[in-house]
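Student: Please find the sequence and the predicted model below.
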Amino acid sequence: MNLAIETKKLTKTYKTSSGMQSVVKDLDLEVEKGEIFGFLGPNGAGKTTTIKILLGIIDGTSGEANVLGRPAGDIESHKRLSYLPEKPYYYEHMTGLEITQFYASLFGIKDKELCVNLLNRVNLGNDYNRPISQYSKGMQQRVGLAQSLLNDPELLFLDEPTGGLDPIAHIEIRDLILKFRDEGRTVFISSHELSDVERICDRVAIINKGEMVHQGRLDDLLSGGRIEVTADGVPENLADKFKGDDMTLSLRAGRLIADLPDTMSPNEMIDAIRTSGGSVVSVIPRRKRLEDLFLESVSGDNLAKGRVTGKMTDDKKADTKEEEVSS
Ligand SMILES: Nc1ncnc2c1ncn2[C@@H]1O[C@H](COP(=O)(O)OP(=O)(O)OP(=O)(O)O)[C@@H](O)[C@H]1O
Ligand SMILES: [Mg+2]
């Protein structure tokens, strides 16, 4: 396998007032070259700590971290990667072009044309002569992306690249990131925006409390989904017949919406609906959502517990606005 990033049993331990605390534990990460990799986990999971180790900003306590085939922090590999922090700091009186030229000078690049081209590429062509103080958050994020391309990197680390952006800016930035992959670059994204990750990432890792919970191709991790059966004209007592551990049913005014695991055949339910005089409207297989996988992964934590065991998510409740007859 051709790996851009590889860690083996990577561990980071801090000495705190309550003793030694491992905030990254035995982490085995594998990021393949040319892919968009999503690095996920709740607040405090250890994502930024891991990124800082990969960038050589801090050292791991034990284990290995290799980036572009060299130990993390190696100067040669630094020339081939870039990093967009979650909250980049800009001198606000400078224009987009000036700040890009300033960062270019740190790489020893004096090519103004390159800076202009990169700013055009991130759709700041009309604005790069305005001071940053007049930029929206989305525009600032795009300046950051222009900078992250200055050294034509093979590997980009993007920390929350779409955090706090409006839906149009989300789409623009997502499209840019997809183009980075088309150009053969590897993109490592740390993000809480699960819908973005689900749309653009090839593979993901989910960590919790410093430990790996899942790592793999999104398609594999999200397979094993659900089947949604919708029917009309269903009598109220039918719901009782199908109560089960891993099923959600809602039945109101004769409309039944049942959510079953795809390991279960819907035939029995379809037969019962028909026998009862109801008619099946649809039977739709649904892929597991990344949000569900994420919540399962951190299900020991308070946030996730209610939602995972409650089965029906808030979104679905809002959609159906029906009384839940959940098991
Ligand atoms: N210098 C430090 N000393 C002690 N503990 C630290 C230090 N830096 C980070 N930590 C702890 O390490 C844990 C992981 O922090 P980290 O910033 O890596 O989380 P994160 O996954 O990036 O979270 P977020 O999603 O909120 O950005 C936290 O419990 C944090 O308090
Ligand atoms: Mg962080």
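Tutor: Yep, that arrived. Ligands and ions are numbered 1, 2, ... in the order given.
Student: quick one: residue 11 is in a strand?
Tutor: Yes - the assignment for residue 11 is a strand, going by DSSP: H, G, I helix; E, B strand; the rest coil.
Student: Who are the contact partners of it?
Tutor: Contacts were defined as C-beta atoms under 8 Å, 6 or more residues apart in numbering; by that measure residue 11 touches 22, 24, 25, 26, 27, 60, 61, 62, 63. Just so you know, the C-beta spots here come from the backbone N, C-alpha and C atoms, and that holds for glycine as well.
Student: Next, work out how far apart the fifth one and ligand 1 are.
Tutor: From residue 27 across to ligand 1, the span is 11 Å (C-beta to the nearest ligand atom, to the nearest Å).
Student: Get me the contact residues on the chain for ligand 1.
Tutor: When proximity is defined by C-beta under 6 Å from any ligand atom, the chain lies next to ligand 1 at 14, 16, 23, 41, 43, 44, 45, 46, 47, 48, 49.
Student: Mind doing that once more with 5 Å?
Tutor: Counting by C-beta under 5 Å from any ligand atom, the residues of the chain close to ligand 1 are 14, 23, 43, 44, 45, 46, 47, 48, 49.
Student: Using the three-state scheme, assign the first one.
Tutor: Of the three states, residue 14 takes strand according to three-state DSSP.
Student: can you check residue 97 too?
Tutor: Under three-state DSSP, residue 97 falls in the helix class.
Student: Which single residue in the stretch 151-300 of the chain comes nearest to ligand 1?
Tutor: Shortest the stretch 151-300 of the chain-to-ligand 1 distance, computed as C-beta to the nearest ligand atom: residue-wise this is residue 192, at 6.5 Å.
Student: one step back: if you look at the residues of the chain next to ligand 1, which of them are in strands?
Tutor: When DSSP state E defines the strands, the subset of the residues of the chain next to ligand 1 inside them is 14, 23.
Student: can you name the two of the residues of the chain next to ligand 1 that are farthest apart?
Tutor: Greatest spatial distance among those (C-beta to C-beta): 14 and 43, at 16.5 Å.
Student: Between those two, which is the more surrounded one?
Tutor: For residue 14 against residue 43, the residue with the higher neighbour count under other C-beta atoms under 10 Å is residue 14, and the figures read 12 against 7.
Student: List the beta-bridge partners for the more buried one.
Tutor: Beta bridges link residue 14 to residue 21 when assigned by DSSP bridges.
Student: Please, where are all the strands along the stretch 51-200 of the chain?
Tutor: For the stretch 51-200 of the chain, the strands defined by DSSP state E, counting those that start in this stretch cover 62-67, 70-71, 81-84, 155-159, 186-190.
Student: Show me the contact partners of the longest one.
Tutor: Spelled out, it's strand 62-67. Under the criterion C-beta under 8 Å, 6+ apart, residues 3-11, 26-27, 53-55, 71-72, 74, 77, 81, 155 lie in contact with strand 62-67.
Student: Just the buried residues from those residues, in PyMOL please.
Tutor: Command for PyMOL, covering only those of the contacts of strand 62-67 found buried under the criterion 16 or more other C-beta atoms under 10 Å:
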select buried, resi 3+4+5+6+7+10+11+27+53+54+55+72+77+81+155
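Student: pLDDT below threshold where in the stretch 101-250 of the chain?
Tutor: 245 (pLDDT under 70).
Student: ranges for the helices of it?
Tutor: For the stretch 101-250 of the chain, the helices defined by DSSP state H, counting those that start in this stretch cover 112-121, 137-148, 167-182, 194-200, 218-221, 238-241.
Student: Can you say which of those helices is packed in most?
Tutor: When you average the neighbours per residue for each of those (mean count of other C-beta atoms under 10 Å), helix 137-148 leads with a mean of 22.
Student: give me every residue that touches the nearest residue to residue 96 once chain neighbours are set aside.
Tutor: For residue 96, the nearest residue in space outside its immediate sequence neighbours is residue 128; the separation is 4.0 Å by C-beta to C-beta, 6 or more residues apart in numbering. By C-beta under 8 Å, 6+ apart, the residues touching residue 128 are 95, 96, 97, 100, 116, 119.
Student: Quick check on residue 128: phi, psi?
Tutor: Dihedral angles phi and psi of residue 128 (degrees, to the nearest 10) take the values phi -70, psi -10.
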